[in-house]
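# Mind folding the following:
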Amino acid sequence: MSKKTTPYKGSDLNKKKVEEMFDTISTNYDGLNRVISFGIDVKWRKKVVKIVEQSDPDKVLDIATGTGDLAINLAKTGASKIVGLDLSEGMLAVGRKKIAEKELSEKIEMIQGDSENLPFEDSSFDAITVAFGVRNFENLKKGLEEILRVLKPGGVFVILETSVPTKFPFKQGYNFYTKNLLPLIGKLFSKDRDAYSYLSESACAFPYGEKLNNILRKIGFKDVENKPQTLGVATIYVASK
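Below is the predicted model of the structure:
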């Protein structure tokens, strides 16, 4: 993730290092997510599922699926096939175990892959989702172009991503939490001391709101809109092909 390919990141991490980082934190990832977001991330994912469900999809792709939280929830849409894709095999292994425990292995397939070089044919999916993963794309433009390529005409694309509140005092509180408390929580519970510093830095530097809307439009997506969540600490973006 050099500054050349991702100017919104203040990080020198490349894909391999990101993969290794998520492999390291994979076993603690779900629990830390609940703690860090105070459990609100569960509510956000449910909203994404409702949006996808409205399109009545048959085949869904969840990119940067991680441990499969969103992929598992997407089973409620009635889709016959859900594919979860992620760089980190460690995260996928945790996800496969959760999927097996819920007896969803026949419906949900977890595969290792690169979001910027998707191993699928053009127009393969009725719906595509990315939860807290777009900011980890090494080349944002290429990743979004690949998503547009494999999305069917008329298909829905939904992003759930962190954003920064703009109003006082929520903006100041958010900045203090992400820059000071979030890395500390990560250090206390994770083997990787840098992981949660990276996650907070990339979240704060990533283009959000209308900036990301405009990027999506420029790529070729239509009907783009953003829906701020919980005072603006996260945003759901909806677009179509």
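# May I have stretch 213-222 as PDB, with CA atoms only?
The C-alpha coordinates for stretch 213-222 follow below in PDB (Å, rounded to 0.1, in the frame of the first residue of the first chain):
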ATOM      1  CA  ASN A 213     -19.500   8.700  -3.900                       C
ATOM      2  CA  ASN A 214     -17.700  10.600  -6.600                       C
ATOM      3  CA  ILE A 215     -15.000   7.900  -7.000                       C
ATOM      4  CA  LEU A 216     -17.800   5.300  -7.500                       C
ATOM      5  CA  ARG A 217     -19.500   7.400 -10.100                       C
ATOM      6  CA  LYS A 218     -16.200   8.000 -11.900                       C
ATOM      7  CA  ILE A 219     -15.600   4.200 -12.000                       C
ATOM      8  CA  GLY A 220     -19.000   3.800 -13.700                       C
ATOM      9  CA  PHE A 221     -21.400   2.900 -10.900                       C
ATOM     10  CA  LYS A 222     -24.900   4.400 -10.900                       C
END
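# Quick check: buried residues in it?
Asn213, Ile215, Leu216, Ile219, Phe221 (16 or more other C-beta atoms under 10 Å). To be clear about C-beta, it is placed using only N, CA and C from the backbone, and glycine gets the same treatment.
# Correct me if wrong, but the first one is in a strand.
The reference is to Asn213. No. Counting by DSSP: H, G, I helix; E, B strand; the rest coil, Asn213 is not found in a strand; it is helix.
# and the closest residue to it other than its chain neighbours, what are its phi and psi?
Leaving aside its chain neighbours, Asn213 sits nearest to Val224 (4.9 Å; criterion: C-beta to C-beta, 6 or more residues apart in numbering). Dihedral pair for Val224: phi -80, psi 130, per degrees, to the nearest 10.
# helix or strand right after the helix or strand of the chain with the lowest mean pLDDT?
Lowest by mean pLDDT, DSSP states H and E among the helices and strands of the chain is helix 15-36, with a mean of 61. Toward the C-terminus, helix 15-36 is succeeded by helix 40-53 as the next helix or strand (DSSP states H and E).
# Which parts of this protein are helices?
15-36, 40-53, 69-74, 89-101, 140-150, 170-176, 182-189, 195-205, 210-219 (DSSP state H).
# what does the second one contact?
Just to be clear, that refers to helix 40-53. Residues external to helix 40-53 that are found in contact with it (C-beta atoms under 8 Å, 6 or more residues apart in numbering): 33-34, 60, 69-70, 73-74, 76-78, 127, 129, 131-132, 156, 158, 160, 227, 229-230, 234, 236, 238.
# if you set the cut-off to 6 Å instead, what comes out?
Outside helix 40-53, the residues that touch it by C-beta atoms under 6 Å, 6 or more residues apart in numbering are 33, 70, 73-74, 76-77, 127, 158, 160, 229-230, 234, 238.
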